[in-house]
Structure formats: structure tokens, C-alpha cells
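# next input, structure requested:
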Amino acid sequence: MAKVRTVIVAMHRTGSTSLLKGFRGIFKMRYLGEPWNLRVHDEHKYKDPKTVIGHNLLKTLIMQLPPGESDIIKFYSNFVKNYDKVIILSRKNRKAIAESWGLAERTNNWNFSYYLEENHNLDIDLTPVDYYCDKLEELSEKLQIPITWYEDLYSGDLKLIQKSIDKWDINITAEQLFEYVNPKLRYRLKEPKSIL
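As a prediction, the model looks like this:
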């Protein structure tokens, strides 16, 4: 399979890390995840976006920008021109984003399984989620690139997954990607883990 320079621009809690790992596994490519995430990288390491462009496989979150940048749409509209393929990943259920994001922030653990009772009451603020989801949709419209929805990509339905893949025009199949987007790997559990 030919290696295609690909960038994933995503919202928090949309399975972007799993998708990135899937691409790495299928295409045997090295990747860079979230270069402008200051929890992961020193703020000076990727200050100049040109240092990031050398990576053939990249994932970034819409709210993360290099130091000195503030216009999300302007920055990403120009930045993605350095890649052959652009995947915009979001989630229809914004409340679920806020719940997952809020739990990760509170625990400072971004890769963990959790269960929420049916009548749970998390004190969540949808304002930042709405803002960044809206920005991602604005970027999608500006670039004329359809959003790939988490609910479809992680549905477990091979036809729906393939429909998402077909938007990307990348030579992979739902069967190849399934081990990375299998809904059993979701962090949010449908039932509490058994303590036995």
C-alpha cells in the first residue's frame, strides 16, 4: 500500500488516537500526535509548524494551535495544504464529548474506561464543546471536506465504517480498520466492570 500523507483534525474524545494508531498499523508509518498539546510536548518543540510538516501521519485537535497562533480557521485552512488527505473527525453527541472530556480533565487520565449510571449528574459545561465543534464544522465547510462522525466510524457496522472510509479516498477497507475502531474498545462502558 502506498503511504499517503494524512492529517487528522479532530475534536476531543472522538477516537482520533485509535484512528491514528489504525493508520500506523495498516500503513506501517510513524506518526505524530497532538504536536501543540502542552501536556505532552514542550511548547518550543513544535513552535514552528514547519517542524511538524515532515511527519507523514499527524493528528491534531482543533483547539490546539502553535504558540502565537489564535485564528483556528485561518491556521488549519493553510496548514492542511501540506497533506494529501485531510480527515475531519467529530461526534454528533456533544453532551457525550463534554462528559468524557470533563472526566478526563478531572482525573488527568485521558485513556481509561469508565461507566456512568443512567441517571448520572455530571456538572458539565457545553460551552467550550459547542465552540470547538462549531469551529470544526466551519473548517469542514471552508475546506469542503465532510466530517467523519465518531458514531459511524465506531458503530461496529462494517457498511457504515466503509462509508466513512470512502469519504477519505484512502485505499483501506473497513475490515482492515475494524480492529482499531471496534466499539468494544470504547472508553465509555455500557455496563460497569465486574469486580470478580
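
# how far does stretch 162-178 sit from its chain's centre?
How far stretch 162-178 lies from its chain's middle: 16 Å, per Cα atoms, centre = their mean, to the nearest Å.

# ok, now which ones touch residue 52?
32, 35, 46, 58 (Cβ atoms under 8 Å, 6 or more residues apart in numbering). In short, each C-beta sits where N, CA and C put it, glycine included.

# what is the burial count for the first one?
Spelled out, it's residue 32. When counting by other Cβ atoms under 10 Å, one arrives at 18 neighbours for residue 32.

# contacting residues for residue 85?
Residue 85 sits in contact with 4-7, 168-170, where contact means Cβ under 8 Å, 6+ apart.

# could you flag which of the contacts of residue 52 are buried?
Among the contacts of residue 52, those classed as buried by 16 or more other Cβ atoms under 10 Å are 32, 35, 46, 58.

# farthest pair in the residues you listed?
Largest separation among those by Cβ to Cβ: 46 and 58, giving 10.3 Å.

# any shared contact partners between these two?
Counting by Cβ under 8 Å, 6+ apart, the residues touching both residue 46 and residue 58 are 35, 52.

# where along the protein do the strands fall?
Using DSSP state E, the strands found in the chain span residues 6-10, 32-33, 57-61, 85-90, 147-149.

# just those: most buried one?
Ranked by mean neighbour count, those are led by strand 6-10 with a mean of 25 (mean count of other Cβ atoms under 10 Å).

# so what does that strand touch, helix or strand wise?
Packed against strand 6-10 by the contact rule (3 or more Cβ pairs under 8 Å, 6 or more residues apart in numbering; DSSP states H and E) you find helix 16-27, strand 57-61, strand 85-90, helix 126-143.

# alpha carbons of it, as PDB, please.
The C-alpha trace of strand 6-10 is given here as PDB (Å, rounded to 0.1, in the frame of the first residue of the first chain):
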ATOM      1  CA  THR A   6      -2.500  12.200   6.100                       C
ATOM      2  CA  VAL A   7      -3.600  14.700   8.800                       C
ATOM      3  CA  ILE A   8      -6.500  14.100  11.200                       C
ATOM      4  CA  VAL A   9      -8.000  17.300  12.600                       C
ATOM      5  CA  ALA A  10     -10.400  16.200  15.400                       C
END
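
# angle of it against helix 16-27?
160 degrees (axes from the mean of the first three to the mean of the last three Cα atoms, to 10 degrees).

# okay, now the unreliable bits of this structure?
Scanning the chain for pLDDT under 70 picks out the ranges 1-3, 101-123, 185-196.

# let's have the contacts of residue 52 in TSV, adding distance to residue 66.
Shown next, in TSV, are these (distance: Cβ to Cβ, whole Å):
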residue	distance to residue 66
32	13
35	8
46	7
58	13
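
# residues touching residue 8, list them.
By Cβ under 8 Å, 6+ apart, the neighbours of residue 8 are 16, 19-20, 58-60, 87, 89.
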